[in-house]
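>>> my questions are about this predicted structure, shown below with the sequence.
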Amino acid sequence: MKTKINISKQLKTTILVLVLGAGVIGGIAKIAGALTVTSVDPEKGPVSGGQEVTVYGNFRVQGSGVVQIATGYEHTCALVISGQVYCWGSGYGGQLGDASNADKLVPASVNTTAGTGDMNGKTITQITAGTYHTCALDNLGQVYCWGENAMGQLGNNSPVYNINTPTAVNTTAGTGDMNGKTITHIATGTHHTCALDTLGQVYCWGYASSGQIGDGTTAPQRNTPVAVNTTAGTGDMNGKTIAQIATGFFHTCALDTDGRVYCWGDNGWGQLGDNTNTNSTTPVAVNTTAGTGAMNGKVITQISAGPSHTCALDTAGQVYCWGNNSNGQLGDNSTVNSNIPVAVNTTVGTGDMDGKIIAQVAARVSFTCALDTLGQVYCWGINNNNQLGDGSTTDSATPVAVNTTAGVSAMNNKKITQIAAGGLQACALDVAGQIYCWGQTLYYNGKLGNNSNTGSPVPICIHTIYDLTGSELQGPGCNYELAVTMDAGGTPAPCIDVVIASDGLSLTCTTTAHSAGYVDITFSDGINEEILVGGYEYLERYGEGSGDEGPGDLLDKLLPPNTGNMPISAEAGGTLGVVGIGLAVGIAVLVKMKKA
């Protein structure tokens with residue numbers, strides 16, 4: 001896409017006279033498409049070049065509006081701002097949703113073709129990835145799932161084993177409890193799925209033999225949604241309004257609006273956190289009794305469930321975990337299982353998370369990751385597939401920082417806003433919308449989304465999801481480069497040393513030599529080319545006066561330049577001063593006349 005923004009020299013001169021000093025010369029231009037330019041500062045400089053300029057706008061084309069990521073056991077999905085979903089990795093169960101069962105090494109768009117799936121014309125607002133199935137929630141509160149369906153985890157009341165395009169979860173009156181409900185949040189486990197409605201009620205479907213559906217039974221499976229039991233006297237969630245849900249392999253947890261956590265299902269490792277190892281078919285409160293668990297008196301803001309362990313984050317940014325700890329996934333500097341919450345270790349000298357305030361926690365297959373408020377990621381637990389992202393294969397029972405070393409990690413100097421932990425991999429999303437993944441170095445040939453069958457012990461970039469209008473394009477990925485050129489129909493002068501800010505909202509570059517006058521500024525990334533016509537001015541005598549646009553610079557344009565050999569006498573200087581004053585007075589009069 002090529003867009004030209006025209007700002008005439010005549011208009012610039014008018015702006016100069018009427019709003020002198022307001023910093024609008026060069027124009028405030030909004031460029032359509034992925035690139036947007038709002039201002040250039042400074043808007044002029046010397047013909048010799050060497051002037052660093054800052055361009056403000058939107059240069060976040062690397063991630064092209066990715067707003068959420070979700071990881072399954074061997075696949076990952078991303079949601080872009082247009083509401084389109086992309087997935088990559090293992091596809092054998094149809095979990096990529098692209099109407100095939102083939103693996104994908106780069107992002108593939110989930111099928112929304114009319115007549116071939118139920119998600120045609122839908123705007124998706126949330127995604128979640130289970131072991132071998134994926135689900136999505138649209139802006140109207142309807143749920144769609146695809147992939148493996150052996151235990152009814154797609155919720156469509158169908159006996160079909162695998163479905164490789166989105167299918168709507170059943171809400172037919174009389175065949176499930178979710179009829180007429182508007183869903184706000186979804187979560188996927190190994191063989192079951194759960195949803196939360198606007199009233200704070202939870203519904204689950206799929207494999208039920210361990211009680212993970214929460215309806216008070218251990219029926220083999222549920223093919224349509226059933227309400228989680230909240231009957232007084234039969235579970236601890238009676239009268240509670242739920243704000244978030246999380247699903248493990250065979251257990252489910254919920255967080256209420258008061259910051260209390262409830263779990264149900266398999267409890268063989270203590271993952272329900274109720275100080276027992278007994279399964280429960282209805283919700284039980286996670287233990288917060290003083291002296292018997294670290295979560296006493298804490299208000300929880302987020303929860304996450306791994307296969308057999310669970311973690312929670314409190315209002316102070318502290319993480320607590322409970323359940324299976326055979327690989328150190330509880331992060332308490334031990335490998336002892338716990339059926340009550342333990343605090344993740346933040347002791348000085350025993351882990352990298354000392355003094356950090358955590359904003360998100362993600363638990364998955366025998367490891368856990370956390371994101372702090374500064375955008376740094378930490379992981380702990382099993383590391384045989386480089387899941388911890390620290391460049392080693394050594395398990396850790398305390399948090400280690402994910403590698404961000406310059407020249408080693410693609411995540412160097414990146415501010416992360418979201419994390420997702422999977423079966424053999426983990427991924428992160430930065431503030432510019434770029435996705436990074438690591439792990440999967442030992443099994444299943446990688447599939448991190450970088451167009452390779454090779455995993456990575458440190459973060460690497462996936463191939464960019466380049467989505468401007470909902471269409472699928474191949475973007476430049478982590479090696480994104482934006483060329484900036486100054487020209488006015490003559491010899492182009494590149495603006496060199498282009499550096500895009502970590503938030504993608506500005507860039508800096510240094511001008512090179514060009515003849516005097518206004519020049520166009522061209523921005524090109526190899527896919528889009530945007531031109532700001534007359535966006536910068538080269539001056540012969542820039543910097544000899546105030547350096548600001550004013551009488552001195554107007555005089556600079558009216559008088560011939562000094563060649564460098566003709567000295568300017570004091571008398572001549574005085575004359576120039578008088579002329580400059582005269583021009584200043586003239587401008588003042590003109591402004592006054594315009595006001596009148």
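Looks like it came in fine. Numbering: from 1, shown residues only.
>>> pLDDT below threshold where in the stretch 1-150 of the chain?
For the stretch 1-150 of the chain, the stretches flagged by pLDDT under 70 are 1-35, 60-65.
>>> surely I531 meets I521?
Yes. At 7.2 Å, I531 and I521 qualify as touching, with contact defined as CB atoms under 8 Å. Bear in mind the C-beta positions are built from the backbone N, C-alpha and C, glycine included.
>>> so between those two, which is more surrounded?
I521 (25 against 21; other CB atoms under 10 Å).
>>> and the more buried one, that one's in a strand?
Yes. The assignment for I521 (DSSP: H, G, I helix; E, B strand; the rest coil) places it in a strand.
>>> what's the burial count for E530?
Neighbour number of E530 under other CB under 10 Å is 24.
>>> helix or strand: which one has it?
strand 529-539 (DSSP states H and E).
>>> so which elements touch that strand?
strand 2-5, strand 36-41, strand 44-46, strand 517-524 (3 or more CB pairs under 8 Å, 6 or more residues apart in numbering; DSSP states H and E).
>>> how about the spatially most central residue of the chain, nearest residue that isn't a chain neighbour?
In the chain, the C-alpha nearest the mean C-alpha coordinate belongs to L429, at 3.6 Å (CA atoms, centre = their mean). Of all residues not flanking L429 in the chain, Q418 sits nearest, at 4.3 Å (CB to CB, 6 or more residues apart in numbering).
>>> try I340
Per CB to CB, 6+ apart, closest to I340 is G293, 3.7 Å.
>>> turn the helices and strands packed on strand 529-539 into JSON lines, including distance to A70.
JSON lines is the format used below for those (distance: least, CB to CB, whole Å):
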{"stretch": "strand 2-5", "distance to A70": "34"}
{"stretch": "strand 36-41", "distance to A70": "28"}
{"stretch": "strand 44-46", "distance to A70": "47"}
{"stretch": "strand 517-524", "distance to A70": "33"}
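>>> among these, which comes closest to T172?
strand 36-41 (45.2 Å; CB to CB).
>>> in the chain, which spans are helices?
Under the criterion DSSP state H, the chain contains helices at 9-18, 551-558, 570-595.
>>> where among these is average confidence lowest?
Per-stretch mean pLDDT for those is lowest at helix 9-18 (a mean of 28).
>>> the residue nearest to I340 contacts N287, correct?
Yes. Using CB under 8 Å, G293 makes contact with N287 at a distance of 4.6 Å.
>>> between the helices and strands packed on strand 529-539, which one is closest to H309.
The nearest among the helices and strands packed on strand 529-539, by CB to CB, is strand 36-41 at 43.9 Å.
>>> how far away is Q376 from K415?
Look at Q376 and K415: by CB to CB, to the nearest Å, they are 9 Å apart.
>>> neighbour count winner among these two?
More crowded of Q376 and K415, by other CB under 10 Å: Q376, with 18 against 13.
>>> was I right about that one contacting A401?
Yes. Here Q376 lies in contact with A401, judged by CB under 8 Å, at a distance of 6.4 Å.
>>> ok, back up a step: who's in contact with the residue nearest to the centre of the chain?
63, 66, 68-69, 416-419, 435-436 (CB atoms under 8 Å, 6 or more residues apart in numbering).
>>> if we go to 10 Å?
Going by CB atoms under 10 Å, 6 or more residues apart in numbering, L429 touches 63, 66-69, 78, 371, 414, 416-420, 435-436.
>>> how much space between the residue nearest to I340 and W322?
In terms of CB to CB, G293 sits 8 Å off from W322.
>>> please identify which of the two sits among more neighbours.
The residue with more neighbours, out of G293 and W322, is W322; 31 against 22, by other CB under 10 Å.
>>> what's the neighbour count on the nearest residue to the more buried one once chain neighbours are set aside?
Sequence neighbours aside, G273 is the residue nearest to W322 in space, at 4.3 Å (criterion: CB to CB, 6+ apart). For G273, the count of nearby residues is 31 (other CB under 10 Å).
>>> for T276, same thing?
Neighbours of T276 (other CB under 10 Å): 14.
>>> roughly how far apart are it and M237?
Using CB to CB, T276 is found at 17 Å from M237.
>>> check G147 too.
For G147 relative to M237 (CB to CB), the value is 29 Å.
>>> who has more neighbours out of those two?
Per other CB under 10 Å, whichever of G147 and M237 has more neighbours is G147, with 30 against 26.
>>> how much space between the more buried one and G268?
Taken as CB to CB, the span from G147 to G268 is 26 Å.
>>> same deal with A359?
31 Å.
>>> neighbour count winner among these two?
A359 (19 against 16).
>>> give the contact list for the more buried one.
301-302, 313, 317, 370-375, 416-419.
>>> mind redoing it with 7 Å?
Under the criterion of CB atoms under 7 Å, 6 or more residues apart in numbering, the contact list for A359 reads 317, 371-373.
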